[in-house]
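K.L.:
I would like to see how this sequence folds:
(one chain, ligands or ions: 1)
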Amino acid sequence: MSTLKFMNGHGGAKITNGTINGDAHVHKDVFHPEIGHRYTYESLQETVEFLRSKVPYLPEVGVICGSGLGSLAECLDNPIEISYDCIPHFPRSTVKGHVGALVFGFMSGLPTVCMKGRFHYYEGYPLWKCCMPIRIMKLLGVSHLFITNAAGGLNPSFRVGDIMFVKDHINLMGFAGNNPLQGPNDERFGPRFPPMNQAYNREIIKLANKVAKDIGLGDRVHEGVYTCLGGPNFETVAELRMLQMLGADAVGMSTVHEVITANHCDMTVFVFSLITNECIVEYESLAKPSHEEVIDVGTQRENSLKQFVKELLKQIFENRIGTK
Ligand SMILES: O=P(O)(O)O[C@H]1O[C@H](CO)[C@@H](O)[C@H]1O
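P.N.:
Next up is the predicted model:
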């Protein structure tokens, strides 16, 4: 039995734990003796069917809200919020600042789904599981994926509160043989060996620079290279110095595997990092990074980021950028 609750002030609906847990769904995921458990195309279809039964339209845009950036979902008109723990096969959010809900609605008039909370490797989820929602979004009809994250600034010119448009990444976990596409490849999603040299849509980055300038954020934005470590600890001084030498401008614990999965299934991808802390590359510094600081900076920047995301989305679709 399912129940929709109306949310105060938003004119939307909320589906929370306990209201639809009784819905029957069959687990058709597979266990391979050599590689372990994997979702199948069919089990993902069950998730998609469930969501389709709750939402009366299909989203074209997906937004992944980074740590402390869940308020981006407030840009949605007529929101329908569905808690992850109601959704068949969905992992559960365990990190503070990641509420754990899909929110459907209209952003700048476009049907959109926001992930209020992502999954991280350090939570204990394998990378293919962290990225499962991206395939769900693809199957629902999402063509454009906005990925956001909180990150530490490695580039000495970055200040806390700056925004970095990600132009490329260094997949350090991939160097160690860990990749979300590991295991049998299902051609219905994409090819065995996907290219990654144009993973970040250049036209959108160009437009993002223009939009940022137009709304007065021009001096707070940069383009740069993001890298992801497994976490959950923040990095040592020696590690951060090494990352700087490698050419990374910002470091986090997410995003790279999401970008790989999204490109594999031919989505148009745009990513920005909110620089929530300066990476500490001096042994003399007594400063310590913390998740609380990361979330606080997200909260401080939420209004500017909401305005930016809404305007960028509007102009992307007006100009048909990345439409395949
Ligand atoms: O990448 P998101 O989810 O934005 O979060 C970043 O912030 C957390 C650390 O404070 C880590 O999870 C890191 O990846």
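
K.L.:
all helices for the stretch 51-200 of the chain, in order.
P.N.:
With DSSP state H, counting those that start in this stretch, the ranges of helices along the stretch 51-200 of the chain come out as 127-130, 132-140, 172-175.

K.L.:
and if you look at the stretch 201-324 of the chain?
P.N.:
Counting by DSSP H, counting those that start in this stretch, the helices of the stretch 201-324 of the chain are 202-214, 237-246, 256-264, 291-300, 302-318.

K.L.:
so what touches the last one?
P.N.:
Under the criterion Cβ atoms under 8 Å, 6 or more residues apart in numbering, residues 61, 63, 69, 71-72, 74-75, 107-110, 112, 144, 146, 148, 163, 204, 207-208, 211-212, 214-215, 217, 270, 274, 322-323 lie in contact with helix 302-318. From N, CA and C alone the C-beta is placed, and that goes for glycine too.

K.L.:
let's see that with 6 Å instead.
P.N.:
Helix 302-318 is contacted from outside by 71-72, 75, 107-108, 110, 207-208, 211, 215, using Cβ atoms under 6 Å, 6 or more residues apart in numbering.

K.L.:
what does the first one give?
P.N.:
Contacts of helix 202-214 with the rest of the structure, by Cβ under 6 Å, 6+ apart, involve 165, 218, 221, 270, 311-312, 315, 321.

K.L.:
and the fourth one, by the same measure?
P.N.:
Counting by Cβ under 6 Å, 6+ apart, helix 291-300 makes contact with 67-69, 97, 150, 160, 276-277, all of which sit outside it.

K.L.:
returning to that earlier point: quickly check the contacts of helix 202-214 for the two that are furthest apart.
P.N.:
Gly218 and Ile321 (20.0 Å; Cβ to Cβ).

K.L.:
the two: which is more packed in?
P.N.:
Ile321 (18 against 12; other Cβ atoms under 10 Å).

K.L.:
tell me who's in contact with the more buried one.
P.N.:
Ile321 neighbours (Cβ under 6 Å, 6+ apart): 203-204.

K.L.:
repeat that with 10 Å
P.N.:
Residues near Ile321 by Cβ atoms under 10 Å, 6 or more residues apart in numbering: 144, 201-204, 206-207, 268, 270, 312, 315.

K.L.:
from those residues, which is closest to the ligand?
P.N.:
Of all the contacts of Ile321, Phe270 has the smallest distance to the ligand: 15.2 Å, by Cβ to the nearest ligand atom.

K.L.:
and the gap between Leu172 and Thr47?
P.N.:
Separation of Leu172 from Thr47 (Cβ to Cβ, to the nearest Å): 30 Å.

K.L.:
can you put the contacts of helix 291-300 in JSON lines and add distance to the ligand?
P.N.:
Listed next are the contacts of helix 291-300 as JSON lines, based on distance: Cβ to the nearest ligand atom, whole Å:
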{"residue": "Ser67", "distance to the ligand": "3"}
{"residue": "Gly68", "distance to the ligand": "7"}
{"residue": "Leu69", "distance to the ligand": "7"}
{"residue": "Gly97", "distance to the ligand": "7"}
{"residue": "Ala150", "distance to the ligand": "4"}
{"residue": "Val160", "distance to the ligand": "13"}
{"residue": "Thr276", "distance to the ligand": "7"}
{"residue": "Asn277", "distance to the ligand": "8"}
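
K.L.:
can you list those residues in a markdown table and add pLDDT?
P.N.:
Converted to a markdown table, those look like this (pLDDT from 0 to 100):
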| residue | pLDDT |
| --- | --- |
| Ser67 | 96 |
| Gly68 | 95 |
| Leu69 | 97 |
| Gly97 | 83 |
| Ala150 | 98 |
| Val160 | 98 |
| Thr276 | 98 |
| Asn277 | 98 |
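
K.L.:
and the furthest pair within those residues?
P.N.:
Using Cβ to Cβ, the two most remote members of the contacts of helix 291-300 are Gly97 and Val160, lying 16.5 Å apart.

K.L.:
the more surrounded of these two?
P.N.:
Using other Cβ under 10 Å, the more surrounded residue of Gly97 and Val160 is Gly97, with 21 against 16.

K.L.:
correct me, but that one touches Ala150?
P.N.:
Yes. Using Cβ atoms under 10 Å, Gly97 makes contact with Ala150 at a distance of 8.2 Å.

K.L.:
number of nearby residues for Gly153?
P.N.:
Gly153 has 24 nearby residues by other Cβ under 10 Å.

K.L.:
contacting residues around it?
P.N.:
159-162, 164, 222, 224, 249-251, 273-279.

K.L.:
could you redo the last one with a cut-off of 7 Å?
P.N.:
250, 275, 278-279 (Cβ atoms under 7 Å, 6 or more residues apart in numbering).

K.L.:
need those in CSV (columns: pLDDT).
P.N.:
Shown next, in CSV, are those (pLDDT from 0 to 100):
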residue, pLDDT
Ala250, 99
Ile275, 98
Glu278, 98
Cys279, 98
